[in-house]
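**Student:** give me a 3D structure for the following:
(2 chains)
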Amino acid sequence: MTHHEVEKYRTPVRVLHWIHAGSFVILFLTGLVLFIPGLAFLAEDSWTRLIHRIFAAIFVVAPVIYIILNPKSMARGLKLAFSWGKDDMGWLKAAPGYYFQGYEEGMPPQDSMNTGQKMWWLMVIVFGVIFVITGAIMWFAKTAAPPAVLQWMVFIHDISFIATGTMFFLHIYLGVFHPLMTESWNAMASGKISKEYAKAHHARWYAEISKDKE
Amino acid sequence: MAEKAILFDATKCTACRGCQVACKQWNGNDEYIPTEPNGVKASNRGSYENPPDLSPSTWLKIRFTEVESGGRVRWLFTRQACMHCTDAACVRVCPNGSLYHNGLGFVEYNKDTCTGCGYCVDACPFQVPRSTRSLLTGIAKMDKCTLCTTQGLNRLDDGMEPACVKTCPPGALQFGNRDEMVAAGRERVGTLKTMGWSGANLYGENELNGLHVMYVLDDYPAVYGLPAAPRVEGVTRAWKNVIQPLGWAVGGLTIIGLGMNWLVARTNAKKEAK
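**Tutor:** Residues are numbered from 1 along each chain as shown, chains lettered A, B, ... in the order given. The predicted structure is shown next:
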């Protein structure tokens, strides 16, 4: 790390992120085949379901291992997901102007996660739990649960799929493509971002970590 | 092509179960003996009804029902197999069209393309489709009555009746054009009514926009273990009518929105750079 840079995400967080993201992509694609009749030939003989289940196991096990190894870090993360204040309202108001026009004026100082990232993180937690519960019922109770329950599990699983799938597009877009998010990819790839980027995008967090060093 | 149908007269059925045997024989569906996963083992349960349930290799069975009325026991026999509904829940939920209606109005399926999702198993108001299923891996295939239209085993194409109809000794099963079967069923119900069976009815004439297996019953459907008002549940309709289109709309609009944002933001960023 050069002295121009600060560490945004530690290695364990990044490893968890990429394992979880990778398994989500596989789960997304193997689920998507049921939405595209033209691709359904891929689902014939249940192979996509088998792959779906293998990666579902990874999707569940990875965060569980993380929680066991880094309970404090997970507690901090969970606390952040449920900490909402007036700066978040300010962010929501200023975000369209910023993300379309580049107006930085109205953007309140942000934590290590800005309001948008927090919304996505909250979705990951809430829908992750919903996915796992509904999926586990469809997997393990397929022959035991009442048919109506199974149908509702499919329904809820699908609605969660639509919600997180579309927001996943947004997440990739902001992480990789948006012209102003110049270093968010680095944050999750190498773990480091420049001090300038940290100051501009995560002012409150940057102030905190700078204070700690002094 | 005229719609065809089976007419089952419960008042003539003797529960010989010849139809069960003929069905298995023609379609090559041996029961798993001894029992294998998903097979339904024949067992003594104090009833002549056997096997106890439909399975991927039992597409048809006669259900035995004992009913007490007026201090006497009545022993009722019901044919249990695919009803070939016009408004078929299984066709509505099948994600890739493996289940579909053929020209005769029957619900056929392409087993090769079946993904084994089991949505039809959960959606059917008559609990007919069954699947072989590995609980661990989820590898599965659905099977049910095809009304003898299975490819390579298609009796109807060769001008024959379905195997169950062909074998029925008491003539409780008839097969023909649906309107003729409706007429025959109504006539029989009329006869039963004049004999004093006030609850006699023709089941399946209008249920789910018309079943292609209809029942002459001398009592109310519920007595025979049939749903009085079978219906396709809202959550069953939702899959292709709401969820699939919603997924496409929301996903598509999101991608379009992001594309527009990219164009606008990039233009502004370039201006800024100058």
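**Student:** got the CA positions of stretch A:24-40 in PDB?
**Tutor:** The C-alpha atoms that make up stretch A:24-40 are tabulated as PDB, following Å, rounded to 0.1, in the frame of the first residue of the first chain:
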ATOM      1  CA  PHE A  24     -25.000 -15.700  -6.700                       C
ATOM      2  CA  VAL A  25     -24.100 -15.400 -10.500                       C
ATOM      3  CA  ILE A  26     -24.400 -19.200 -10.900                       C
ATOM      4  CA  LEU A  27     -27.600 -19.300  -8.900                       C
ATOM      5  CA  PHE A  28     -28.900 -16.400 -11.000                       C
ATOM      6  CA  LEU A  29     -28.100 -18.000 -14.300                       C
ATOM      7  CA  THR A  30     -29.400 -21.500 -13.300                       C
ATOM      8  CA  GLY A  31     -32.600 -19.900 -12.100                       C
ATOM      9  CA  LEU A  32     -32.900 -17.700 -15.100                       C
ATOM     10  CA  VAL A  33     -33.300 -20.700 -17.400                       C
ATOM     11  CA  LEU A  34     -36.800 -21.200 -16.000                       C
ATOM     12  CA  PHE A  35     -37.700 -17.600 -17.000                       C
ATOM     13  CA  ILE A  36     -36.500 -18.000 -20.600                       C
ATOM     14  CA  PRO A  37     -38.400 -20.900 -22.300                       C
ATOM     15  CA  GLY A  38     -35.900 -20.700 -25.100                       C
ATOM     16  CA  LEU A  39     -33.100 -21.600 -22.700                       C
ATOM     17  CA  ALA A  40     -35.100 -24.300 -20.900                       C
END
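**Student:** what residues are up against residue 86?
**Tutor:** Since you didn't name a chain, this refers to chain A. Under the criterion of CB atoms under 8 Å, 6 or more residues apart in numbering or on different chains, the neighbours of A:Lys86 are A:Pro108. (C-beta placed from N, C-alpha, C; glycine too.)
**Student:** other chain: chain B
**Tutor:** The neighbourhood of B:Thr86, defined by CB under 8 Å, 6+ apart, consists of B:101, B:105, B:208-212.
**Student:** quick check: phi and psi on it?
**Tutor:** Reported as degrees, to the nearest 10, the phi and psi values for B:Thr86 are phi -70, psi -50.
**Student:** how many other residues sit next to whichever residue of chain A sits closest to chain B?
**Tutor:** Among residues of chain A, the one nearest chain B by CB to the nearest CB turns out to be A:Ala40. It sits 3.1 Å away. If you count neighbours by other CB atoms under 10 Å in any protein chain shown, A:Ala40 ends up with 21.
**Student:** give me the nearest residue to it, chain neighbours excluded.
**Tutor:** If the residues on either side of it in the chain are set aside, A:Ala40 comes closest to B:Asn96, at 3.1 Å by CB to CB, 6 or more residues apart in numbering or on different chains.
**Student:** excluding chain neighbours, what is closest to A:His157?
**Tutor:** Once flanking residues are discounted, A:His157 sits nearest to A:Thr134: 4.4 Å by CB to CB, 6+ apart.
**Student:** so where does that neighbour fall, helix or strand?
**Tutor:** helix A:115-140 (DSSP states H and E).
**Student:** quick one, what contacts residue 162?
**Tutor:** No chain in the question, so chain A it is. B:243, B:246-247, B:250-251.
**Student:** could you do chain B instead?
**Tutor:** Per CB under 8 Å, 6+ apart, neighbours of B:Pro162: B:6, B:147-148, B:155-156, B:175.
**Student:** can you give me the distance of it to chain A?
**Tutor:** When distances are taken as CB to the nearest CB, to the nearest Å, B:Pro162 and chain A turn out to be 27 Å apart.
**Student:** what's the neighbour count on the nearest residue to that residue once chain neighbours are set aside?
**Tutor:** With sequence-adjacent residues excluded and distances taken as CB to CB, 6+ apart, B:Pro162 is closest to B:Cys148, at 4.1 Å. By other CB under 10 Å, the residues close to B:Cys148 number 24.
**Student:** ok, B:Cys148 - contacts?
**Tutor:** B:26-27, B:154-156, B:160-163.
**Student:** residue of the stretch 51-200 of chain B nearest chain A, please.
**Tutor:** Minimum separation of the stretch 51-200 of chain B from chain A (CB to the nearest CB) falls at B:Asn96, amounting to 3.1 Å.
**Student:** show me the shaky parts of chain A.
**Tutor:** A:1-2, A:212-214 (pLDDT under 70).
**Student:** where do the helices of the chain begin and end?
**Tutor:** In the absence of a named chain, this looks at chain A. Secondary structure of chain A by DSSP state H: the helices cover A:11-32, A:47-69, A:71-81, A:86-96, A:115-140, A:147-172, A:184-189, A:195-201, A:203-213.
**Student:** oops, chain B please
**Tutor:** Counting by DSSP H, residue ranges of the helices within chain B are B:18-27, B:89-93, B:119-123, B:163-167, B:178-194, B:234-238, B:244-273.
**Student:** possible to save those helices as JSON lines with mean pLDDT?
**Tutor:** Compiled in JSON lines, the helices of chain B are given as follows (pLDDT from 0 to 100):
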{"stretch": "helix B:18-27", "mean pLDDT": "94"}
{"stretch": "helix B:89-93", "mean pLDDT": "95"}
{"stretch": "helix B:119-123", "mean pLDDT": "95"}
{"stretch": "helix B:163-167", "mean pLDDT": "96"}
{"stretch": "helix B:178-194", "mean pLDDT": "97"}
{"stretch": "helix B:234-238", "mean pLDDT": "91"}
{"stretch": "helix B:244-273", "mean pLDDT": "90"}
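**Student:** what's B:Cys124 sitting at in phi/psi?
**Tutor:** When read as degrees, to the nearest 10, the backbone of B:Cys124 gives phi -60, psi 120.
**Student:** hmm, it is touching B:Arg92, no?
**Tutor:** No - contact criterion CB atoms under 8 Å: B:Cys124 and B:Arg92 do not qualify, at 10.4 Å.
**Student:** so between the two, which is more surrounded?
**Tutor:** Comparing B:Cys124 with B:Arg92 by other CB under 10 Å, the one with more neighbours is B:Cys124, at 24 against 20.
**Student:** residue contacts, that one?
**Tutor:** Residues in contact with B:Cys124 (CB under 8 Å, 6+ apart) are B:89-90.
**Student:** pLDDT score for it?
**Tutor:** The predicted structure scores B:Cys124 at 96 on the pLDDT scale.
**Student:** please apply the same query to B:Tyr32.
**Tutor:** According to the model, B:Tyr32 scores 58 on pLDDT.
**Student:** the nearest residue to B:Leu104 once chain neighbours are set aside bridge partners, please.
**Tutor:** On the basis of CB to CB, 6+ apart, the spatially nearest residue to B:Leu104 that is not a chain neighbour turns out to be B:Lys4, at 4.5 Å. Each beta-bridge partner of B:Lys4 is listed here: B:Asn177, as defined by DSSP bridges.
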